[in-house]
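Q: Fold the following, please.
(one chain, ligands or ions: 1)
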Amino acid sequence: MGRSGDDEGGDAASKTESIRVLAMQFAYDPQSPLFADFNLTVSPGSRCLLIGANGSGKTTLLKILAGKHMVGGQDVVQVLGRSVFHDTQLVCSGDLAYLGGSWSKTVGSAGEIPLQGDFSAEHMIFGVEGADPARREKLIELLDIDLQWRMHKVSDGQRRRVQICMGLLHPFKVLLLDEVTVDLDVVTRLDLLDFLKEECEQRGSTIVYATHIFDGLEAWATHLVYIQDGELKRAEELTLIDELKRSGNLHSTVESWLRSETKSEKKKKQPTQSQRTSSYGFSPFASSRHMAYYR
Ligand SMILES: Nc1ncnc2c1ncn2[C@@H]1O[C@H](COP(=O)(O)OP(=O)(O)OP(=O)(O)O)[C@@H](O)[C@H]1O
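A: Numbering: from 1, shown residues only. Just a heads-up that it's a prediction; the model follows:
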């Protein structure tokens, strides 16, 4: 695992790297690119935590790794030696799995609302073709899913369990997790993490897991990637992180990184009061006819 910018590339490299990002550039707004020259490699069998403050680019990076955004040419973002965006077989075969977001849709000013279709959990889970029945049973039991649940009536955590179950039905080679354990109760979360660890140890699968919840992850993760405003700050083995060796606590280690980040770079980026006034001309919280609709 590390920064891949200096690598010589080639087929040999793709066999020792599950994920390879080379000089990636990506921008939502062309005026301020999120990723300018981003390089990363993740080796097979790694359980890699993706850490960073809100808005640092974790979700965007995972979506790019999942092939949801086309970024540059075929060499820029590769998973298992194949271009994630161009090689649709990666996802169709189940080799590359992505679990993120929630089952919802955006409806005008109502924002995100859960899907309203009346399907049972059984209908959803057994609708996934080609799943191994033993693996399916194991996941249903692990996630404590009641197959009679109606998907439009269950809680967020219950809906999430069904989503996770479906996402894991096919044995993945690379799994991208975007904070999907946040709705799970503590027992289900720990059981799921154990299952995922087993998958990596037994089958050499690779996991990249973006999260803000660090409970129990010191012993789970093998590597850590820390990004700040789209820039790779750290990519290393957990056992080699000095701060972690001293404190033994991932939460306090990450807290200290994020606090120093807040105090230095972030504050420099804040516009001054006069810049704010000149660009808007008034406070966004001042009374206006438009704002009256939201009172
Ligand atoms: N669809 C979008 N259009 C424009 N900008 C976006 C879009 N999605 C994200 N961004 C911006 O890109 C940056 C990175 O967002 P991203 O969601 O990747 O961050 P994150 O690290 O996952 O944050 P969080 O920890 O809050 O989930 C943010 O500044 C965000 O405002």
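Q: Please identify the helix or strand for E198.
A: Using DSSP states H and E, E198 maps to helix 186-203.
Q: where does this structure have low pLDDT?
A: For the chain, the stretches flagged by pLDDT under 70 are 1-15, 102-116, 262-295.
Q: Can you name the residues of it that neighbour the ligand?
A: 28, 34, 52, 54-60 (C-beta under 6 Å from any ligand atom). Every C-beta, even on glycine, is put in place using the N, C-alpha and C of the backbone.
Q: sorry, back to before: just the residues contacting the helix holding E198, thanks.
A: Counting by C-beta atoms under 8 Å, 6 or more residues apart in numbering, helix 186-203 makes contact with 45-47, 138-139, 142-144, 157, 161, 164, 168, 171-173, 175, 181, 184, 205-207, 215-217, 220, all of which sit outside it.
Q: Could you list the buried residues of it?
A: 188-189, 191-193, 196-197, 199-200 (16 or more other C-beta atoms under 10 Å).
Q: Stretch 234-251 now?
A: Within stretch 234-251, judged by 16+ other C-beta under 10 Å, the buried ones are 235, 238, 241, 244, 250.
Q: and if you look at stretch 148-160?
A: 149, 151, 154, 158-160.
Q: Closest one of those residues to the ligand?
A: Nearest to the ligand, judged by C-beta to the nearest ligand atom, of the buried residues of stretch 148-160 is R160 at 15.9 Å.
Q: Quick check: bridge partners of the spatially most central residue of the chain?
A: Residue closest to the mean C-alpha point of the chain, counted by C-alpha atoms, centre = their mean, is D178 at 2.8 Å. Bridge pairing for D178 (DSSP bridges) gives the partners A210.
Q: show me the contacts for it.
A: D178 neighbours (C-beta under 8 Å, 6+ apart): 58-59, 62, 98-101, 210.
Q: Which member of the buried residues of helix 186-203 is positioned nearest K68?
A: Nearest to K68, judged by C-beta to C-beta, of those is L196 at 21.4 Å.
Q: gap between the closest one and the ligand?
A: 20 Å (C-beta to the nearest ligand atom, to the nearest Å).
Q: State the distance from the nearest residue to G45 once chain neighbours are set aside to I213.
A: Using C-beta to C-beta, 6 or more residues apart in numbering and skipping residues adjacent in sequence, the residue nearest G45 is G204, 4.8 Å away. For G204, the distance to I213 equals 26 Å [C-beta to C-beta, to the nearest Å].
Q: And the helices in the stretch 101-250 of the chain?
A: Ranges of helices within the stretch 101-250 of the chain are 121-126, 133-142, 156-168, 186-203, 242-247, 250-261, based on DSSP state H, counting those that start in this stretch.
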